[in-house]
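In: Got a predicted model here, sequence first, then my questions.
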Number of protein chains: 2
Amino acid sequence: MATIYQVSELAGVSLSTVSRVLNENDYVSKKTKQKVLDAMEQLGYTPNSIARSLASNCTNSVGILVSELDGAFFGEMMSAIEAQLRAAGKHVIITPGHSEEDKEKNGLEFLISRNCDAIIAHVEAVSDEYLVKLNKGKTPIYLISRYVDKMKENCISLDNVMGGYLATKHLLNQGHTDITYIAGPLFKPDAFDRLEGHKKALKEHGIAFDEQTLFVGDFKETGGYNGLEYFFSKKRKFTAVVCANDEMASGVMKCAREHKLDLPKDLAIVGFDNVHFTNYLYPTLTTIDNPVEKMGIMAANLVLKQVYKQNRSNIEHIFTPDLLVRDSTTHLV
Amino acid sequence: MATIYQVSELAGVSLSTVSRVLNENDYVSKKTKQKVLDAMEQLGYTPNSIARSLASNCTNSVGILVSELDGAFFGEMMSAIEAQLRAAGKHVIITPGHSEEDKEKNGLEFLISRNCDAIIAHVEAVSDEYLVKLNKGKTPIYLISRYVDKMKENCISLDNVMGGYLATKHLLNQGHTDITYIAGPLFKPDAFDRLEGHKKALKEHGIAFDEQTLFVGDFKETGGYNGLEYFFSKKRKFTAVVCANDEMASGVMKCAREHKLDLPKDLAIVGFDNVHFTNYLYPTLTTIDNPVEKMGIMAANLVLKQVYKQNRSNIEHIFTPDLLVRDSTTHLV
DNA sequence: GTTGTTTATGGTAGCGCTTCCATATTTAGG
DNA sequence: CCTAAATATGGAAGCGCTACCATAAACAAC
């Protein structure tokens, strides 16, 4: 591998000059620049990014921590962040946290140890205090889909309470009154807040929240499946179910079908997130549109602005979800 | 940030000794080791991985190139590779290639410029020659889900011809004879080979392949949807459709339903890949099980063995897919 | 011409580590 | 007790760059 030294020799200039043309931001005469460029070309020189990072203390890389590498929601999130950052010449180092405190901490520390210039994290298990403290270290932490008051300038989050509210409100408006709820793990802020929104909507309609209508799932298909089985086993009467995410809604559909329910007539279902596949479920899923791509882009812009001092205007910190009505819910006759 | 130098000072030993305890593979007395460990603890020292990489010429990172960061198939692939590598103390740098030649090259070059110790790539658009040439450079390239004869030792691939064959064979065995096929983009080896398998099965049953039964889709839901619309528009009679992946199969289902077909009675559907969600479609999808997780783990093991000289036995280079019969196909009465 | 400012280039000290060589020190074998 | 091997530590070069300081040349203003 050719080094900057060999380039300087071939071009007949000093190391500094080669470095200058590499960094394109200093006085170099056109003629000299061309000589250097030619030498690089001739040697097939590519800069060693590790050496640059060590010398400049900047890696041009931002760490991304997501809960899972698979999963529709995270896929869309990673994709959006990566594209935006890549367009600005930065790159991402992605690592999963698996929604477990140890693993999330481990992932975060790993990203810090790799000298990322910043971290965008979707963390669910670590505490607010831990994050605040970590953010005071050398690597700034940005949170996506989570709101921590003491570092709100670094958060891009969704109004999950509003989302949960909209979902349930929609069913109530359709005439449903016996509504069950399949939540995500309640230690996760997203899951907790969505449930809060559900309760708020019920309250507004004068319906008392009944613990018996709640099942805590795992945000995966099985969670929805098991939740519905649970309600059936309790002989509960209900005409609608709200799921805290789309994967669980698809599990509910599968279970309902196995119980010979006619969807959506016998059971109305609402999901949350509007991941890509919801439009291909049968029936197509009414869900809450989570603007995860916009949030990813915004998180990337926030990093570009604050860490890389690029000009990005209009950082929005809190996003509002929308209700998306499709076929899985209908008016009760 | 504490450096190795401060640790050495506090512990009262030389730089070299600190480096030795860091690397755990040289003569250091128990007593000295403890002193160093204590000093590290006290200073909250964490090694600077960039500096280590520069000095040792090893980054302990392997680059992963996948076509998309979202997408069920790639999610499962990344997840499997990452987990296996992480367990061995290596980490991954993931970048998308978007199935376009320029972008794939760009991604590969980027990973090389980041000094990855190896690259595991799922590339579809670049030529065999390019890969062979690239593999001769400083960074070894391993291919997943692609077979290139001149570098077959570096390939982990699937017998796609067999997969395509099994899918169509299954339908033929069920009594179907009017079978349409929705392929992926034919420049992609996976797509091409699966179609070859389909043709082979037809031939074996004495059925001539008819170009009119072929639609080339995009491996996404829309591809399946559009494919079915296309066949309908051609007034084609058929009782079954083979899709070259699961996403397209779900698009087919959606379209079929909109045309009031009763599934699976009116139309048998076979997918390919057996990604997670296929079990939650309605009807559940008969598909070809693509052992992508096993392949991912195997690719990781191959790198661990060849690049990091770890002991990994039984590298399997070619995997065989299985037919997975579910509800989307039934015997023709 | 003198002075000051802009433009252009070279020299060199690190960035925080690893690694090789040199030098003690300890242990084992006879 | 002597020698050789094994064990334990230090010293210093260098990985490939960046960044700061110094210097030189070119240009402008008076």
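Out: Perfect, thanks for sending it.
In: Give me the most central residue, chain A.
Out: Nearest residue to the geometric centre of chain A (C-alpha atoms, centre = their mean): A:M77, 4.5 Å.
In: Regarding that one, which helix or strand does it belong to?
Out: helix A:72-87 (DSSP states H and E).
In: for A:L263, same thing?
Out: Judged by DSSP H and E, A:L263 forms part of no helix or strand.
In: Would you check how far apart the residue lying closest to it once chain neighbours are set aside and B:T330 are?
Out: Distance criterion C-beta to C-beta, 6 or more residues apart in numbering or on different chains; nearest residue to A:L263, sequence neighbours excluded, is A:P283 at 5.5 Å. Any C-beta I mention is one placed from the backbone N, CA and C, and that applies to glycine too. Look at A:P283 and B:T330: by C-beta to C-beta, to the nearest Å, they are 22 Å apart.
In: Same check on A:F232?
Out: Using C-beta to C-beta, one obtains 27 Å as the distance from A:F232 to B:T330.
In: helix or strand for the residue of the stretch 101-250 of chain A found nearest DNA strand C, which one?
Out: Of all residues in the stretch 101-250 of chain A, A:N115 sits closest to DNA strand C, at 9.2 Å by C-beta to the nearest atom of the strand. A:N115 is part of no helix or strand, with elements assigned from DSSP H and E.
In: just checking, it touches B:T46?
Out: No - counting by C-beta atoms under 8 Å, A:N115 does not reach B:T46; the two are 10.3 Å apart.
In: Could you name every residue contacting both of these two?
Out: Common neighbours of A:N115 and B:T46, using C-beta atoms under 8 Å, 6 or more residues apart in numbering or on different chains, do not exist here.
In: okay, the two: which has more neighbours?
Out: A:N115 (22 against 12; other C-beta atoms under 10 Å in any protein chain shown).
In: these two touch, right, A:D38 and A:A11?
Out: Yes - counting by C-beta under 8 Å, A:A11 is a contact partner of A:D38 at 7.2 Å.
In: So which of the two has more stuff around it?
Out: Taking neighbours as other C-beta under 10 Å, A:D38 and A:A11 compare with A:A11 leading, 22 against 13.
In: Show the pLDDT at that one.
Out: For A:A11, the pLDDT comes out at 93.
In: Relative to DNA strand D, how far out is A:S233?
Out: Distance from A:S233 to DNA strand D, counting by C-beta to the nearest atom of the strand, to the nearest Å: 64 Å.
In: How about A:E101?
Out: Using C-beta to the nearest atom of the strand, A:E101 is found at 36 Å from DNA strand D.
In: neighbours around that residue, how many?
Out: Neighbour tally, A:E101, other C-beta under 10 Å: 16.
In: same deal with A:S8?
Out: Neighbours of A:S8 using other C-beta under 10 Å come to 18.
In: quick one: contacts for it?
Out: A:S8 neighbours (C-beta under 8 Å, 6+ apart): A:S14, A:L15, A:T17, A:V18, A:V36, A:A39.
In: For the first one, which non-adjacent residue is closest in space?
Out: Taking C-beta to C-beta, 6+ apart, and ignoring the residues beside it in sequence, A:S14 has A:S8 as its nearest neighbour in space, at 5.9 Å.
In: Helix, strand, or coil at the one you found?
Out: Classification of A:S8 using DSSP: H, G, I helix; E, B strand; the rest coil returns helix.
In: tell me the pLDDT at it?
Out: For A:S8, pLDDT reads 93.
In: Next, find the distance separating it from A:Y27.
Out: 17 Å.
In: so which helix or strand takes in the one residue in the stretch 151-300 of chain A that gets nearest to DNA strand D?
Out: Among the residues of the stretch 151-300 of chain A, A:A300 lies closest to DNA strand D, at 22.8 Å counting by C-beta to the nearest atom of the strand. If you go by DSSP H and E, A:A300 is part of helix A:292-306.
In: close to chain B, is that helix?
Out: No - figure legend: helix A:292-306 not in contact with chain B (C-beta under 8 Å from any C-beta of the partner chain); closest approach 9.8 Å.
In: ok, which stretches of chain A are strands?
Out: Here chain A has its strands, by DSSP state E, at A:61-66, A:91-96, A:118-121, A:141-144, A:155-158, A:179-183, A:214-216, A:240-243, A:268-270, A:287-289, A:318-319, A:322-324.
In: Dump those to a markdown table, plus mean pLDDT and distance to DNA strand D.
Out: As requested, the strands of chain A are exported to a markdown table (pLDDT from 0 to 100; distance: least, C-beta to the nearest atom of the strand, whole Å):
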| stretch | mean pLDDT | distance to DNA strand D |
| --- | --- | --- |
| strand A:61-66 | 96 | 15 |
| strand A:91-96 | 91 | 16 |
| strand A:118-121 | 97 | 17 |
| strand A:141-144 | 98 | 23 |
| strand A:155-158 | 98 | 29 |
| strand A:179-183 | 98 | 49 |
| strand A:214-216 | 98 | 50 |
| strand A:240-243 | 98 | 50 |
| strand A:268-270 | 98 | 52 |
| strand A:287-289 | 98 | 43 |
| strand A:318-319 | 97 | 35 |
| strand A:322-324 | 97 | 44 |
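In: In a markdown table, list these along with mean neighbour count.
Out: What follows is the strands of chain A, written out as a markdown table (neighbours: other C-beta atoms under 10 Å in any protein chain shown):
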| stretch | mean neighbour count |
| --- | --- |
| strand A:61-66 | 26 |
| strand A:91-96 | 24 |
| strand A:118-121 | 27 |
| strand A:141-144 | 24 |
| strand A:155-158 | 22 |
| strand A:179-183 | 26 |
| strand A:214-216 | 19 |
| strand A:240-243 | 29 |
| strand A:268-270 | 28 |
| strand A:287-289 | 25 |
| strand A:318-319 | 16 |
| strand A:322-324 | 17 |
